[in-house]
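**Q** sequence first, then the predicted structure:
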Amino acid sequence: MLKFAKVGLLLLLMVGCGQSTDPLVDFDKPVPIEDPHGKTILSPVTFEAVYENPITYEDKHEFLYPSSNWIAIQGLKDETIRTKINQEIQAAYDRLITYAKLETLPPYRGLKTKIDDDSIGYPTVSTAISYNKNNLLSIVLNGQYQFISKDGSQQTFVSAIETLNFDLTTGRQLKIGDLFTNDLPAKDILNPLVFELIRLKSSEYIDSSSYPFVGGYGFLEEVSPFKGIQGNQVFSLDTTGLNLYFDYRTPNFDTRNLTFMFTIPFALIESNFAGTLRYRSETSPFLDTITSYSYLYTHSGKKRITIQDNSTMDGYPFYRYIDYPATTEPWALDRIHAIDESSSQRIKALFDGEITFAYRSIIFYAVGRYSNIDVYTSIQGEDRYVYLQEHESYDENRKRIGFKDLFIEGYDIYPLLRRKIDEQLSYFNPEWGMTDQIETYLANLSFKIDFQGITIDSYAESSINHNIYMIQINLGYDEIGCQNLRMFEEYFN
């Protein structure tokens, strides 16, 4: 932006700046959550694969603030929508830049009494895409400000966030209510979760005056009763869940001039989250073809059953850990218990010698329509040890998936896989004698269906020192080619 235009914007925002320059803020009037806008989606929602919107973006900088950036997106068919979105991104960036002026600071509680009138503000505004799936685009602009008094005796740090969440088929900015199904009010979904998060992050747990920061965020101090999420709630999405931001627009809390972020995992709102379905369209809004698919992270957040204990097994100390969702179906529980009961036999098969300690964990979770059981085994002996990761994956019909079942007919994964194994083995000490063990690794491989790709683990025993050496290979869905995977086959036909 040209310098004279920047000055004009600053002058405009300084008019009547005794309260807030943010149009979202009205401290005296609650903002109701509007009904969802767009197609009707009813619960329960089940997360399927999501596609990556085939758009690109260009980083934009200006000479006045070279360490700051905004972005301009490209790749939409509708030029009017693209222009509208990019104008709104730049407008949000411009607003955040003005917060480096004392006159236009966000109205954090008591902030202006903490900064000398002669202080100079230094802004850094970074802009990034946090979510880009199923015609929905979420952008976060993060403003960081350092105010230094003229004599250098005082420094104050302030942060401010702008988020923009777009329906790429229309260019419309979404509000919080648009993310949820039509059959239950968004406030009834969000408020119980938010009140619990507030409780966990409050000084009820730790003396916030002594420990003002935890995990990079200030403790929330409730200074007036919080009445729940409002219709103008600032939010963004990422692949793990819904992010809610508390700052000067939530004056019920003293956040110490910072922005406090809550993340609500998708696992807790999946059945009522309409964001993966509502904005899909029969006609693609993109210039390029959709080719990239993956899954949203729904592993954490659900109520889980955990079993852990120490015991003696076959004369050595044995620690076991089992973890699965409380809603796990009987067929999966039976398989988990069968793996648990086979621990003694499996450890004996892996380790020939005296064992001083062994550990085994069994973890069950879902990825989209698939289910994984991860088994981690660690065995310690007097002169060597074994560490192993093994997996089982099942489809929606409870059928265990074989490795070749992952790929469409005619696609050969093995040239890529052999190259990856050979690369892993090149890092091994040649004295271990593992470089010629590719066939053994191929025979012993197991895999899990992950959120962004296929994770493959395998092992082989050295004929020299008899240690077992494990390798892990991560193949992203795009690296394999989503069109070559049966799990995405329906999207390419």
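**A** Okay, I see it.
**Q** isn't residue 74 right up against residue 54?
**A** No - Residue 74 is not in contact with residue 54 according to Cβ atoms under 8 Å; the separation is 10.4 Å. (C-beta placed from N, C-alpha, C; glycine too.)
**Q** for the two, indicate the residue with more neighbours.
**A** Regarding residue 74 and residue 54, a neighbour count based on other Cβ atoms under 10 Å identifies residue 54 as having more, with 17 against 12.
**Q** regarding that one, what is its secondary structure?
**A** When the structure is reduced to helix, strand and coil (DSSP: H, G, I helix; E, B strand; the rest coil), residue 54 reads as coil.
**Q** identify the residue spatially nearest to it, adjacent ones excluded.
**A** residue 288 (4.0 Å; Cβ to Cβ, 6 or more residues apart in numbering).
**Q** likewise residue 245?
**A** Sequence neighbours aside, residue 234 is the residue nearest to residue 245 in space, at 4.3 Å (criterion: Cβ to Cβ, 6+ apart).
**Q** for the helix or strand harbouring residue 478, packing partners?
**A** Counting by DSSP states H and E, the element that carries residue 478 is helix 477-480. Here helix 477-480 touches strand 453-461, going by 3 or more Cβ pairs under 8 Å, 6 or more residues apart in numbering; DSSP states H and E.
**Q** what pairs with the strand it packs on, parallel or antiparallel?
**A** Strands adjacent to strand 453-461 in the sheet, as given by DSSP bridges, are strand 446-449 (antiparallel), strand 468-476 (antiparallel).
**Q** any idea which of the ones you listed is most buried?
**A** Of all the strands paired with strand 453-461, strand 446-449 has the most neighbours on average by mean count of other Cβ atoms under 10 Å, namely a mean of 21.
**Q** export it as CSV, just CAs?
**A** Written as CSV, here are the backbone C-alpha positions of strand 446-449 (Å, rounded to 0.1, in the frame of the first residue of the first chain):
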residue,chain,number,x,y,z
SER,A,446,2.4,-53.4,8.8
PHE,A,447,0.6,-50.1,8.2
LYS,A,448,-2.0,-47.7,9.5
ILE,A,449,-4.3,-45.4,7.7
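**Q** average pLDDT for that strand?
**A** Averaged across strand 446-449, the pLDDT comes to 98.
**Q** contacts for the helix holding residue 478?
**A** In this structure, residues lying in contact with helix 477-480 by Cβ atoms under 8 Å, 6 or more residues apart in numbering are 291, 292, 293, 294, 407, 413, 416, 452, 453, 454, 485, 488.
**Q** doesn't the last one lie inside a helix?
**A** Yes - secondary structure assignment (three-state DSSP) places residue 488 inside a helix.
**Q** hmm, who's touching the strand or helix carrying residue 188?
**A** Under DSSP H and E, the secondary-structure element containing residue 188 is helix 186-200. When contacts are defined by Cβ under 8 Å, 6+ apart, helix 186-200 is touched by residues 33, 36, 176-177, 179-180, 220, 222, 226, 228-229, 244, 262, 264, 268-269, 272.
**Q** list the buried residues of it.
**A** When neighbours are counted by 16 or more other Cβ atoms under 10 Å, the buried residues of helix 186-200 are found to be 186, 187, 189, 190, 193, 194, 197, 198.
**Q** how about the helices in the stretch 201-350 of the chain?
**A** For the stretch 201-350 of the chain, applying DSSP state H, counting those that start in this stretch gives helices covering 266-269, 330-341, 343-350.
**Q** contacts for the longest one, please.
**A** In other words, helix 330-341. For helix 330-341, the surrounding residues in contact (Cβ under 8 Å, 6+ apart) are 320, 322, 324, 328, 360, 362, 364, 371, 373, 375, 392, 394, 398.
**Q** any stretches of the stretch 1-150 of the chain with poor pLDDT?
**A** Counting by pLDDT under 70, the low-confidence segments of the stretch 1-150 of the chain come to 1-28.
**Q** which parts of it are helices?
**A** 3-14, 79-98.
**Q** could I get the longest one in PDB with only the CA atoms?
**A** It stands for helix 79-98. As requested, C-alpha coordinates have been extracted for helix 79-98 and formatted as PDB (Å, rounded to 0.1, in the frame of the first residue of the first chain):
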ATOM      1  CA  GLU A  79     -13.200 -13.200 -10.600                       C
ATOM      2  CA  THR A  80     -15.700 -11.100  -8.700                       C
ATOM      3  CA  ILE A  81     -15.600 -13.600  -5.700                       C
ATOM      4  CA  ARG A  82     -11.800 -13.700  -5.800                       C
ATOM      5  CA  THR A  83     -11.500  -9.900  -5.900                       C
ATOM      6  CA  LYS A  84     -14.000  -9.600  -3.000                       C
ATOM      7  CA  ILE A  85     -12.100 -12.100  -0.800                       C
ATOM      8  CA  ASN A  86      -8.700 -10.500  -1.500                       C
ATOM      9  CA  GLN A  87     -10.000  -7.100  -0.700                       C
ATOM     10  CA  GLU A  88     -11.400  -8.300   2.600                       C
ATOM     11  CA  ILE A  89      -8.000 -10.000   3.500                       C
ATOM     12  CA  GLN A  90      -6.100  -6.800   2.800                       C
ATOM     13  CA  ALA A  91      -8.700  -4.700   4.700                       C
ATOM     14  CA  ALA A  92      -8.200  -7.000   7.800                       C
ATOM     15  CA  TYR A  93      -4.400  -6.600   7.400                       C
ATOM     16  CA  ASP A  94      -4.700  -2.800   7.200                       C
ATOM     17  CA  ARG A  95      -6.800  -2.700  10.400                       C
ATOM     18  CA  LEU A  96      -4.200  -4.700  12.300                       C
ATOM     19  CA  ILE A  97      -1.400  -2.500  11.100                       C
ATOM     20  CA  THR A  98      -3.200   0.600  12.600                       C
END
